[in-house]
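**Q** curious how this folds, go ahead:
(chains A and B)
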Amino acid sequence: MNESFNLFRALLKGLAIYLLIVLLFTLPLPNLGGLSAYNSLFPGRPRLPFGENPAEAYNFSLYNLDAMFASHEIAAGPKPADEFRVLVIGDSSVWGTLLRPEETLSGQLNASAPTYCGKQARFYNLGYPTITVTKDVMMIDYAARYQPDQIIWLTSLEAFPLDKQLDTPLVANNAETIDALIEKYDLPLDPNDASLIRPDFWDRTLIGQRRNLADLLRLQLYGVQWSATGIDQIYPPYPAPQTDFADGDDKFHNLRPPLDPSALAFEILAAGMNHSPAPILLVNEPILISDGVNSHIRYNFFYPRWAYDSFRDRLKVRAEAEGWNYLDAWNIIPPSEFTNSAIHLTPAGENLLAQTILAALQPSCP
Amino acid sequence: MTLPLIAIFGALTLLAAFLSDRIRGLFLFTLSILAVYALQPALPIRYLDFWLPTAALGLATVFWISLRGADWQSALQRDNLLSAAWMGLLILTLALTRFLPSLNSLLTPSTPPRLELVFAALLVVTTLAALTGRVRFGWVHAVGLVALIVLLAVLKSPEASLWMAKMLRLANGQSAETASSFDIRWLGISYITFRFIHTLRERQMGTLPEVSLREYVTYIFFYPALTAGPIDRLERFVKDLRTSFKPTQDDWTVVVQRIGLGLFKKFVLADSLALMALNAQNADKVQSTGWAWILLYAYALQIFLDFSGYTDIAIGMARMVGIRLPENFNSPYLRANITQFWNNWHMTLTQWFRAYFFNPLTRSLRTRKFPIWSVIFITQLATMILIGLWHGVTVNFVIWGIWQGLGLFIHNRWSDATRARVGEWASTTLRQNMLNVLGILLTFHFVALSWVWFVLPAPALAVQFFARLIGM
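**A** Predicted coordinates:
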């Protein structure tokens, strides 16, 4: 009898402690994402964590911005006095799908080793493989803490449709950050949009957060394999991007000619440009200009000609009106230098883009 | 076993702990039968994931009758007949889930075969069991042992498995082109076979206790130890099974400690280490010597924590129902020489090989007046190569076995030759401790390096990794 009682009491105590820990996580706690073995036990990653096949890529996608940036080499320590810090922002073409870190745009820019204002330029790859202007503004806003001297922001029409701004997982899973951006920059986005994922009480408990916590741990653990092998992406064989468009489709999302600027995120772009922590070189990134069936209707898989041409015109006009430093690089890469999509470049393509950007980059010194 | 399966079987075992002795026995018998199906992974060859567990149960029935020897007619006692009927009924019930799509992937890995086929299979097993009683048992045991060894060899050989997969696919009307050696993954067959061989050999030696069909099937397929051991002895297992049991606070303490520790070892530590451990995919991509060692250490710890974690869970779960499964690991990485390591690593496996291979071979060679060193050399090497082959009939496992066998032989000769001088030198506690620490470090690294052969299937890749480890 006594034995059963002791056992019951022990189980009860155990359960109480467990519940306490589960509920403790609902309280405002220091953000665990900032705790990282990168830049101490392991070198920082040259690009943000992203990957769909972690077991082979030693990399994977998570949505905790603190953890993502803490694993990046930009968080290695205070900015060196002799460094001219340049952040390169954009989508998968900047992150470097199918490219090794040294082959990416940032890698090629670093290889050129330019100096500005008497300092050695160092380019940081802060691209992330989802394509929305809002995501880029979020990244620029977050990266302000790393004291950039210059930002290079590559974008494309696909990042602009307003109705997709909050859909990407990285944005949707950072609702509080987006709320702050909407308020700070008066962004034309609805904070009540159903896409934004808002954890309830139970989601904030230890049980509700188990996936997020496991992700934080996994990010650290994959640091070993990444450090040991230098691999952060797999390089499977890929099909060439589509150049024939048999059905002559001229749609761009749900838009029809003429292009309605109010359906695009120009105001979000302007918020990012005008509130940036450092001067920005805005780049309309290169696209594949295909030469196949119906290429008179579409440039490529993403863009019908009418929409893209109209977008370019409007972006140019807006950049001139706002006094932005703007480079339209849309057609500088030959079709042979694209890999698996209309925006992903080969190493040679990235090199060509890097040289074009370096020629246009004229930072103003204090 | 996955976490949900451990939770389900843990909960059912908890329920069994509070049952009366007689009902608990029947409950464990039932659970063990169901576990053979529930734990079997789904296979691409149609219905094979139902037939393999059924074949295992059929073999158990046939062997059990053969174990009774001349007294086989006692198998027809009411209790045994009821157990056989219950087993048949359970199998038929599982087959009936074919008509309940919501259940048929819960209790069996995939949709069971047609009912008439299952009936036919049960009829074949019944006929074989009946025939077994009418032939010479020595003959049955000898054929059974050979068949089991051939079966293991086929299943452990990638080429033979592939050939068999192709044959089975063709027999099933499926394309042989997509066949793979992984098509025939028979859950727990290694441990099941070891238990079969143990009972057949003990019967041949006349040291096997008489057990009922229910006890025999529960022993062979005891679900906590089905997938990763330990390999218990029938005599000891049945003694626990027959002892009246009511869990005490000590039992519960052991249960909570062992299951908690096992879950932590397996699902927190080992699974985390798996994300950084050496494997066939990263071995040739490691860029520096330091990281190569870290990956190797991670693997050495992972394999230990994974395996010993499962053992802890099995021991804890079994203790809930009064079965005290034997220990399998006793701090093996803290042993000062390779002989001690093997006395404390996967202990029930090494005891099994010692009993049924090493000792008989040693006796046989000694009676032929071989020099003592050559007896040790041959027996150590042959035993470890055999253990290697048990993991897989491939070159890398043979090399791993040679590595371990040579290590054991060299240690044996070295300790014989230096025992007196080492004993003289290590006259103080400090010197003894120094020797001990040095021995532990050396042994750990000897074992860790052997895992390179174990984890990397291609010897060329292993050689490449060794080169990386020494900075080449």
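**Q** quick check: domain ranges of chain B?
**A** Per automatic domain parsing, the domain ranges recorded for chain B read B:39-208, B:249-320, B:332-469.
**Q** for the shortest one, how far is the first residue from the last?
**A** Same thing as domain B:249-320. By C-alpha to C-alpha, to the nearest Å, the extent of domain B:249-320 from end to end equals 11 Å.
**Q** among the domains of chain B, show me which one is buried the most.
**A** Stretch with highest mean neighbour count among the domains of chain B: domain B:249-320 (a mean of 20; mean count of other C-beta atoms under 10 Å in any protein chain shown). Every C-beta, even on glycine, is put in place using the N, C-alpha and C of the backbone.
**Q** report the next helix or strand after the helix or strand containing B:Trp293 in sequence order.
**A** Under the criterion of DSSP states H and E, B:Trp293 resides in helix B:289-320. Using DSSP H and E, the helix or strand that follows helix B:289-320 in sequence is helix B:338-344.
**Q** if we can go back for a sec, what's the helix holding B:Trp293 packed up against?
**A** Contacts defined by 3 or more C-beta pairs under 8 Å, 6 or more residues apart in numbering or on different chains; DSSP states H and E place helix B:289-320 against helix A:210-229, helix B:3-17, helix B:249-263, helix B:271-274, helix B:429-455, helix B:459-469.
**Q** out of those helices, which gets nearest to A:Phe266?
**A** Nearest to A:Phe266, of all the helices and strands packed on helix B:289-320, is helix A:210-229, at 33.7 Å by C-beta to C-beta.
**Q** so how far is the closest one off the chain centroid?
**A** Centroid displacement of helix A:210-229 relative to its chain, using C-alpha atoms, centre = their mean, to the nearest Å, is 19 Å.
**Q** quick one on the thing from earlier: any chance of TSV for the helices and strands packed on helix B:289-320, columns mean pLDDT and distance to A:Thr97?
**A** Below are the helices and strands packed on helix B:289-320 laid out as TSV (pLDDT from 0 to 100; distance: least, C-beta to C-beta, whole Å):
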stretch	mean pLDDT	distance to A:Thr97
helix A:210-229	93	17
helix B:3-17	94	34
helix B:249-263	93	39
helix B:271-274	95	27
helix B:429-455	96	31
helix B:459-469	96	29
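**Q** and these as TSV, adding distance to A:Ala180?
**A** Formatted as TSV, the helices and strands packed on helix B:289-320 follow (distance: least, C-beta to C-beta, whole Å):
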stretch	distance to A:Ala180
helix A:210-229	19
helix B:3-17	38
helix B:249-263	40
helix B:271-274	34
helix B:429-455	48
helix B:459-469	48
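**Q** B:Gln40: which of those helices is closest?
**A** helix B:3-17 (11.4 Å).
**Q** averaged pLDDT, stretch A:190-208. What do you get?
**A** On average, the pLDDT along stretch A:190-208 is 90.
**Q** same thing with stretch A:86-98?
**A** 97.
**Q** pull the CA atoms of it into CSV?
**A** Only the C-alpha atoms of stretch A:86-98 are listed here, as CSV (Å, rounded to 0.1, in the frame of the first residue of the first chain):
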residue,chain,number,x,y,z
VAL,A,86,27.8,45.2,-48.4
LEU,A,87,24.6,43.1,-48.0
VAL,A,88,23.3,41.3,-51.0
ILE,A,89,19.5,40.8,-50.8
GLY,A,90,17.2,38.9,-53.1
ASP,A,91,15.7,35.5,-53.9
SER,A,92,17.0,32.1,-54.9
SER,A,93,19.1,33.6,-57.6
VAL,A,94,21.1,35.6,-55.0
TRP,A,95,21.1,32.7,-52.5
GLY,A,96,22.6,30.6,-55.2
THR,A,97,20.4,27.6,-56.2
LEU,A,98,22.7,25.0,-57.9
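**Q** can you give the distance of it from its chain's centre?
**A** Going by C-alpha atoms, centre = their mean, the spacing between the C-alpha centre of stretch A:86-98 and its chain's C-alpha centre is 7 Å.
**Q** please write out the alpha-carbon positions of stretch A:313-326 in CSV.
**A** Output of stretch A:313-326 as CSV, limited to C-alpha atoms (Å, rounded to 0.1, in the frame of the first residue of the first chain):
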residue,chain,number,x,y,z
ASP,A,313,8.8,50.9,-67.5
ARG,A,314,7.1,51.6,-64.2
LEU,A,315,10.1,50.6,-62.1
LYS,A,316,12.4,52.8,-64.1
VAL,A,317,10.0,55.8,-63.8
ARG,A,318,9.5,55.2,-60.0
ALA,A,319,13.3,54.9,-59.5
GLU,A,320,13.9,58.1,-61.3
ALA,A,321,11.2,59.9,-59.5
GLU,A,322,12.4,58.7,-56.1
GLY,A,323,16.1,59.3,-56.9
TRP,A,324,16.9,55.6,-56.3
ASN,A,325,20.2,54.1,-57.5
TYR,A,326,18.8,51.7,-60.0
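**Q** elements contacting the helix or strand hosting A:Val22?
**A** Element membership for A:Val22 (DSSP H and E) is helix A:2-24. Counting contacts by 3+ C-beta pairs under 8 Å, 6+ apart, helix A:2-24 packs against helix B:249-263.
**Q** for chain A, what spans make up the helices?
**A** Assigned by DSSP state H, the helices in chain A fall at A:2-24, A:54-57, A:65-70, A:92-95, A:105-112, A:133-143, A:169-172, A:175-185, A:210-229, A:266-274, A:305-322, A:347-360.
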